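[1] Following is a predicted model, sequence given first.
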Amino acid sequence: MIRIEQLTKSYQMGGESLQVLKGIDLVIHKNEFAAIVGPSGSGKSTLMNMLGCLDVPSGGKYELDGQEVSGMDDDELAEIRNFKIGFIFQGFNLLHKLTALENVELPLIYQGLSTEERRERAIQSLEMVGLGDRTDHKPFELSGGQQQRVAIARALVTKPPIILADEPTGNLDSKSGAEIIRILHDLHAKGNTIILITHDPNVAQQAKRMIRISDGLIVEDVEVG
């Protein structure tokens, strides 16, 4: 599903070049549940941006589902994101003026689906995460765990093969966090490839494979679950 070879990323800061990723080699197979773990400043967030086609590498190769994406332009990367990757963020990233249903429908607007089909698929996604009775609620009317489940429903609605979860339990209490991990396990069981980004080794242990990154390099890659 994912193949990365000697991936590097540098940023210009104050006239100097700061190398954040220093030559990453990584293969993630279809239907894996992998966690990328590392402390702040390790490069894991930059790697997540590369994996999610949110940024482009400075060097190296990135092949996603058989397509070489490291040289794609912005429009091509946007299409990859819309059809191949579902994103779950720590901060939920919901639009507060929209209902849960409207938030989940948003990615489908960019796919050009009809209003009726958007609504049907959004309702199905909310039902999958146990929020079929919260379709008309706005984010401020939902708990943190419920907001994250709306975000998961939004990630699922385009039926992407890959779910990229960036610190999905970071803003939640332990009970809500455990529920989110359970949903990720359910998605994995249904065939999704799950990539979990976290600073917390205990959360990473909930995956099937743990990839530890430090100072821009992968320093450990082990089976755990």
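    Great, that's in hand. Numbering: from 1, shown residues only.

[2] From residue 12, how far off is the spatially most central residue of the chain?
    Against the mean C-alpha coordinate of the chain, by CA atoms, centre = their mean, the closest residue is residue 164 at 1.8 Å. Distance, residue 164 to residue 12, using CB to CB, to the nearest Å: 26 Å. Placement of C-beta: from N, CA and C, glycine included.

[3] One more: residue 89?
    26 Å.

[4] same deal with residue 162?
    30 Å.

[5] Neighbour count: the two, which is higher?
    Shown here are residue 162 and residue 12; by other CB atoms under 10 Å, residue 162 has more neighbours (22 against 8).

[6] ok, that one - contacts?
    By CB atoms under 8 Å, 6 or more residues apart in numbering, the contact set of residue 162 is 1, 2, 64, 65, 84, 85, 86, 192, 193, 194, 195.

[7] re the thing from before, in the sheet, who's paired with the residue nearest to the centre of the chain?
    Residue 164 has these beta-bridge partners by DSSP bridges: residue 87, residue 195.

[8] repeat for residue 210
    With DSSP bridges as the criterion, residue 210 is bridged to residue 35, residue 222.

[9] Surely it is in contact with residue 222?
    Yes - between residue 210 and residue 222 there is a contact under CB atoms under 8 Å: 5.6 Å.

[10] More neighbours: which of those two?
    Comparing residue 210 with residue 222 by neighbour count (other CB under 10 Å), the higher total belongs to residue 210, at 21 against 8.

[11] Could you list the low-pLDDT ranges of the chain?
    Scanning the chain for pLDDT under 70 picks out 225.

[12] for it, what spans make up the helices?
    Applying DSSP state H to the chain gives helices spanning 44-51, 74-84, 100-109, 115-128, 144-156, 174-189, 201-204.

[13] which of these sits most buried?
    Stretch with highest mean neighbour count among the helices of the chain: helix 144-156 (a mean of 25; mean count of other CB atoms under 10 Å).

[14] so that one versus helix 174-189, what angle?
    With axes from the mean of the first three to the mean of the last three CA atoms, to 10 degrees applied, the angle from helix 144-156 to helix 174-189 works out at 20 degrees.

[15] The closest residue to residue 129 other than its chain neighbours and residue 133: what is the separation?
    In space, and not counting its chain neighbours, residue 129 is closest to residue 149: 4.1 Å by CB to CB, 6 or more residues apart in numbering. To residue 133, residue 149 is 12 Å away according to CB to CB.

[16] Also residue 6?
    In terms of CB to CB, residue 6 sits 49 Å off from residue 133.

[17] Looking at these two, which is more packed in?
    residue 6 (13 against 9).

[18] Correct me if wrong: the more buried one contacts residue 57.
    No - counting by CB under 8 Å, residue 6 does not reach residue 57; the two are 9.4 Å apart.

[19] that older thread, next up, the contacts around the residue nearest to the centre of the chain.
    48, 51, 52, 85, 86, 87, 88, 195, 197.

[20] What distance do you get for it to residue 155?
    From residue 164 to residue 155 the distance is 8 Å (CB to CB).
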